[in-house]
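[1] This is the structure alone, sequence omitted:
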C-alpha cells in the first residue's frame, strides 16, 4: 500500500528531496573513489597503454545510457497501464539524463577509438550507429514532450515512442555478436569472470555506482521541478 501512497506527486515530492540529497552525496564520494582507482591504482594495459583508462568513463556511461532508457520505458508502461500522473513525470525527468550519458558514451568512445582504431568514428559500425540512434530516441522523446501543450497528452504520446524504442536496446547490447563490428566484445558478463585485472574491474564498478547515484539524484531534483510546474 505504501507504493501506491507514493504514486501521488504530492506525497512523492518530499521523499524525492530527501533521496536526492543522499544520492547526490553518495555520487560525489563514489566518483572520487572510482576516479582514484581508475587513474592512480589500476595498472597500465599491456596493449592499449594509458589510453584504456577512458573505460572508467565510457563503459559506465554506456551502461547508464541503456539502463535509463529501459527505466524510462518502464515508467511509460506504468503511466499507460494505470494512468498515474507521476509515471509520466518520471519518464520526462529521466530523458535528459539518459541523453547526457548517451552523448558521453559516444564522445568518450570517439576519444578511445582514435588511438585504438586509428579513427574517431566509423559510419556503419553496428554498435556506434545503434548508440547514436539511442541518442536520437532521447531527443525525439524530449521534443515530443515539448511539442504538445497538454501534459497528459504529451505523456501518452512520448510513452508510445519510448516503448517502441526499447527494441534498440538489445540491438546495442548484442551488436558485437550479431554484426561485423570494430567494437570489442564485452569485458564484463554475468556468465563468466571479467577479462580484466581486479583493480580495473573495481574502478569501473565504482564509477558505474557513482553514475547511478548521480542519475537518481538529478532525476529526483528534476521531477520535483516538474511537479511544481504541473501541480
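    Good, I have the coordinates. None of these values were measured; they are calculated from a predicted model.
[2] Which residue ranges of this structure form strands?
    Assigned by DSSP state E, the strands in the chain number zero.
[3] Output the below-cut-off pLDDT ranges for it.
    Within the chain, the stretches with pLDDT under 70 are 1-6, 46, 49, 120, 176, 178-195.
[4] go with 90
    The model of the chain has pLDDT under 90 over residues 1-11, 39, 41-55, 82-84, 109-129, 172-201, 230-231.
[5] roughly how far apart are the closest residue to residue 24 other than its chain neighbours and residue 57?
    The shortest distance from residue 24 to any residue that is not its chain neighbour, by Cβ to Cβ, 6 or more residues apart in numbering, is 3.9 Å, and that residue is residue 217. For glycine as for every other residue, the C-beta is placed from the backbone atoms N, C-alpha and C. As judged by Cβ to Cβ, to the nearest Å, residue 217 and residue 57 stand 18 Å apart.
[6] what does residue 110 give?
    In this structure, residue 110 lies at 12 Å from residue 57, with Cβ to Cβ as the measure.
[7] which of those two has more neighbours?
    A side-by-side neighbour count of residue 110 and residue 57, using other Cβ atoms under 10 Å, places residue 57 first with 22 against 17.
[8] And for the residue nearest to that one when sequence neighbours are not counted, the neighbour number?
    If the residues on either side of it in the chain are set aside, residue 57 comes closest to residue 108, at 5.0 Å by Cβ to Cβ, 6+ apart. The local packing count at residue 108 equals 19, with neighbours defined by other Cβ under 10 Å.
[9] measure residue 108 to residue 90 for me?
    Applying Cβ to Cβ to residue 108 and residue 90 gives a distance of 27 Å.
[10] and what of residue 73?
    Between residue 73 and residue 90 the distance is 11 Å, computed by Cβ to Cβ.
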